[in-house]
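J.: Build me a structure from this.
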Amino acid sequence: MRMSVAGLLRRYETEQVTNRIDLDAAAAQIASRRTEWRRRGIFAGETTWRDQAEGWPPVLKIDRRAVVDADSIGVSLSKGTQEGSVVLFAGGWADLRFWDGCSNQAVDEAPGWEDWLDQERFGQLLDRLTGYFT
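T.: Predicted coordinates for the structure are as follows:
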């Protein structure tokens, strides 16, 4: 049975997402790659946390201590015209995006949607994103 977009949104807003991955451990993985990113000339933005405790739409914060109910973290990367980002959701999937800035080729994927990510696979995803930058 197919569900309408409105039905999916209602379902998402009303159902509790099961936390399948430790976002604090994932944030440590992001932090551990910052030196390598700098060495390669990749600018990394602040790690952002999405706080579900403040209702809809959720608020993005950069101070982990200010987040009551984290349901995702993300980081954006850039180098010249190249841009990429990864957002990891507590439910175990991620949004992965990359664009080289000059072609119609882009990456826009949701790894883990059907096969939840663990810390090892999230680390591999960060490394994959890093590898897109030339």
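J.: Mind telling me which residue is nearest the centre of the chain?
T.: V87 (0.8 Å; C-alpha atoms, centre = their mean).
J.: Was I right to think S85 contacts S78?
T.: No: under the criterion of C-beta atoms under 8 Å, S85 is not in contact with S78, lying 9.2 Å apart. Any C-beta I mention is one placed from the backbone N, CA and C, and that applies to glycine too.
J.: More neighbours: which of the two?
T.: Comparing S85 with S78 by other C-beta atoms under 10 Å, the one with more neighbours is S85, at 18 against 15.
J.: check which helix or strand covers the more buried one.
T.: strand 82-89 (DSSP states H and E).
J.: Give me the nearest residue to W99, chain neighbours excluded.
T.: Nearest non-adjacent residue to W99, counting by C-beta to C-beta, 6 or more residues apart in numbering: A106, 4.6 Å away.
J.: for A94, phi and psi?
T.: Main-chain torsions, A94, degrees, to the nearest 10: phi -140, psi 160.
J.: Who are the contact partners of the nearest residue to it once chain neighbours are set aside?
T.: For A94, ignoring the flanking residues on the chain, the nearest one in space by C-beta to C-beta, 6+ apart is L88 at 4.7 Å. By C-beta atoms under 8 Å, 6 or more residues apart in numbering, the residues touching L88 are I21, L23, A26, S72, I73, G74, A94, L117, F122.
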